[in-house]
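Undergrad: need a structure here:
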Amino acid sequence: MSAKHLYIVTMEFPFGKGEAFMEDELYELTRYYDKVFIIPYFGKGEPRKIESEKIEVANILEEDETIIKYTGLEFIQKQFGLTLSVLGSEMFTKRGLNLSIRKLRMSLIHLKNSTSRMKSLSEFISKTEGAENHFYAMWMSAPASLLAVLKKKGVINSFIARAHGYDIVKERHPNNYIPLLQFNIDQVNHVFANSLFSRKLLLRLTREKKKVSVNYLSLKDRAKAISPVQADNNIFTVASVSNVYDFKRVDKIYEVLNRVANKHEVQWVHFGDGPKMDDLQQLIANKDHMLHINLKGNVPREEIFEYYRESAPDLFIHLSLYEGFGVSLVEAQSFGIPVLVANTGGTSEAVSEISGVLVEHNDTALQIAEIIIKHIENKQWKEKRTAARQFFLDKFEARSAVERFQQLIEQNHVS
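TA: Coordinates of the predicted model:
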């Protein structure tokens, strides 16, 4: 019986700080493969520790300098068939003709980048010739483009991909355009959207509705039980986790909690860093004396989970303007922490009516503060803790979720 391998193309993981959401699924997938290869599209710096002998990090994607040095016209001449296929996908979309000179340039640059990495990955795959190889792009952006080029060139027969938010929401990209997305959709065998919201976006781009389905990211049950609330603690404790960018609106979380602190003593602990951290620190200098703030910065995920276990926050809050899904919301609920989240993207799927509260993204800080205060005074946050934990177990717990996901991978594999 031949060996069975899974190749996962990531954006950076295990390098950099992102894509931590994929770790739980990754370790569960090792139950179904002899070897899992992680191929980062960009791999610089020190990688995070991988704790499985079945997982190999293959940081092998080297740019072919010959291809990189081609002018646009030279690249088209050398890769005429591939370029024609890409332009056909990008120009003649489900919604009609859609390609400007600017978009053409962007498409060629991204196609050149993926094609320049093709040789190193092809050579690496050839070392496992004879094995049953499955291919999985963690994003519908550059990782999917690389596998789409390999498929178009006949190096691989099939691949699947995940779609999140940033990789398919055109409004979050320059010129409202995501290079090669249409080509990637045309080439992929199946796309697993991480929410109904993401699936809806993808269906605008393809006529093949059967090619797109929803499969939520799976998460390991680190809590095992609901952390007990400290009975003698009269301080209302709130946690939040996100990078500090404008669209994440961490400053609005502060405005909300500062208003809550007019009536109730509040402890706010935020995990995450970013370019707007200095602005946030200046903003909180004028906080209410009843609001205590601890900005933790970037820390390992396990440190966040340890805080959930030991401190049992009363509430997790997330007010981002854009969110494909919201893994941090589900992680908090796994510890029995109710959530309050802005209704955007797929966040409504990451919370239930009894496990948390959904607010509108244009609700004011005062409106949201009043909701929190009402729930504090009615003791409703404590009542939601059991429901939050059960919501996680029913919908996102890793072992059963990955078993379902693996069955879908097998169904979409072409040998």
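
Undergrad: Buried residues, stretch 285-294. List them.
TA: For stretch 285-294, the neighbour count (16 or more other C-beta atoms under 10 Å) marks Lys287, Met290, Leu291, His292, Ile293 as buried. Any C-beta I mention is one placed from the backbone N, CA and C, and that applies to glycine too.

Undergrad: what do you get for stretch 237-253?
TA: Neighbour-count burial for stretch 237-253, with 16+ other C-beta under 10 Å as criterion, is recorded at 237-245, 248-253.

Undergrad: residues in contact with that stretch?
TA: With contact meaning C-beta atoms under 8 Å, 6 or more residues apart in numbering, stretch 237-253 is reached by 257, 266-277, 279-280, 283, 304, 307-308, 311-322, 328, 331-332, 337, 342, 365.

Undergrad: can you list the domains in this structure?
TA: Following the assignment in automatic domain parsing, the chain carries domains at 4-219+398-411, 236-395.

Undergrad: roughly how far out does the last one sit from the chain middle?
TA: Which is domain 236-395. Between the centre of domain 236-395 and the centre of its chain there are 18 Å (C-alpha atoms, centre = their mean, to the nearest Å).

Undergrad: Straight-line length of it, end to end?
TA: This stretch, domain 236-395, spans 28 Å end to end (C-alpha to C-alpha, to the nearest Å).

Undergrad: Out of the contacts of stretch 237-253, list just those in helices.
TA: 257, 277, 279-280, 283, 304, 307-308, 311, 328, 331-332, 365 (DSSP state H).

Undergrad: Buried members of those into ChimeraX, please.
TA: Buried members of the ones in helices among the contacts of stretch 237-253, identified by 16+ other C-beta under 10 Å, are gathered into one ChimeraX selection as follows:
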select :257,277,280,304,307,308,311,328,331,332,365
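
Undergrad: Looking at the ones in helices among the contacts of stretch 237-253, which is nearest His173?
TA: The closest of the ones in helices among the contacts of stretch 237-253 to His173 turns out to be Ser328 (C-beta to C-beta; 22.9 Å).

Undergrad: Distance-wise, check the nearest residue to that closest one once chain neighbours are set aside relative to Ile409.
TA: In this structure, Ser328 finds its nearest non-sequential neighbour in Val241, 4.3 Å apart by C-beta to C-beta, 6 or more residues apart in numbering. Plainly put, Val241 is 29 Å away from Ile409 if you go by C-beta to C-beta, to the nearest Å.

Undergrad: likewise Tyr307?
TA: As defined by C-beta to C-beta, Tyr307 lies at a distance of 34 Å from Ile409.

Undergrad: Next: Leu84.
TA: Distance, Leu84 to Ile409, by C-beta to C-beta: 31 Å.

Undergrad: The two: who's more crowded?
TA: Neighbour comparison, Leu84 and Ile409: the larger count goes to Ile409, with 21 against 11 (by other C-beta atoms under 10 Å).

Undergrad: quick one: secondary structure of the more buried one?
TA: Following DSSP: H, G, I helix; E, B strand; the rest coil, the label given to Ile409 is helix.

Undergrad: how near is it to Tyr7?
TA: 12 Å.

Undergrad: And Ala350, by the same measure?
TA: If you go by C-beta to C-beta, the gap between Ala350 and Tyr7 works out to 29 Å.

Undergrad: quick one on the thing from earlier: for the buried residues of stretch 285-294, which one is nearest Lys379?
TA: Checking these against Lys379 with C-beta to C-beta, the nearest one is Met290 at 19.4 Å.

Undergrad: Go ahead and confirm that closest one touches Val266.
TA: Yes - contact status for Met290 versus Val266: in contact at 6.5 Å, counting by C-beta atoms under 8 Å.

Undergrad: Look up the closest residue to the residue nearest the centre of the chain, ignoring the ones flanking it.
TA: Nearest to the mean C-alpha position of the chain, counting by C-alpha atoms, centre = their mean, stands His164 at 5.4 Å. Taking C-beta to C-beta, 6+ apart, and ignoring the residues beside it in sequence, His164 has Gly324 as its nearest neighbour in space, at 4.2 Å.

Undergrad: Model confidence at that neighbour, what's the number?
TA: Gly324 is assigned 77 on the pLDDT scale.

Undergrad: My guess is it contacts Met140. True?
TA: No - Gly324 is beyond contact range of Met140, at 10.7 Å (criterion: C-beta under 8 Å).

Undergrad: Show me whatever sits in contact with both of these two.
TA: Once C-beta under 8 Å, 6+ apart is applied, the residues that Gly324 and Met140 both contact turn out to be Ala163, His164, Ile168.

Undergrad: so where do the helices sit in the stretch 1-150 of the chain?
TA: Remark: helices of the stretch 1-150 of the chain, listed N- to C-terminal, are 23-29, 65-68, 72-78, 80-91, 101-126, 142-152; assignment by DSSP state H, counting those that start in this stretch.

Undergrad: quick one, which of the ones you listed is nearest to Glu360?
TA: Each of the helices of the stretch 1-150 of the chain was scored for nearness to Glu360 using C-beta to C-beta, and the closest is helix 23-29 (30.6 Å).

Undergrad: sorry, back to before: between Gly324 and Met140, who's got more neighbours?
TA: Here Gly324 and Met140 are set side by side on neighbour count (other C-beta under 10 Å), and the busier one is Met140, at 28 against 25.
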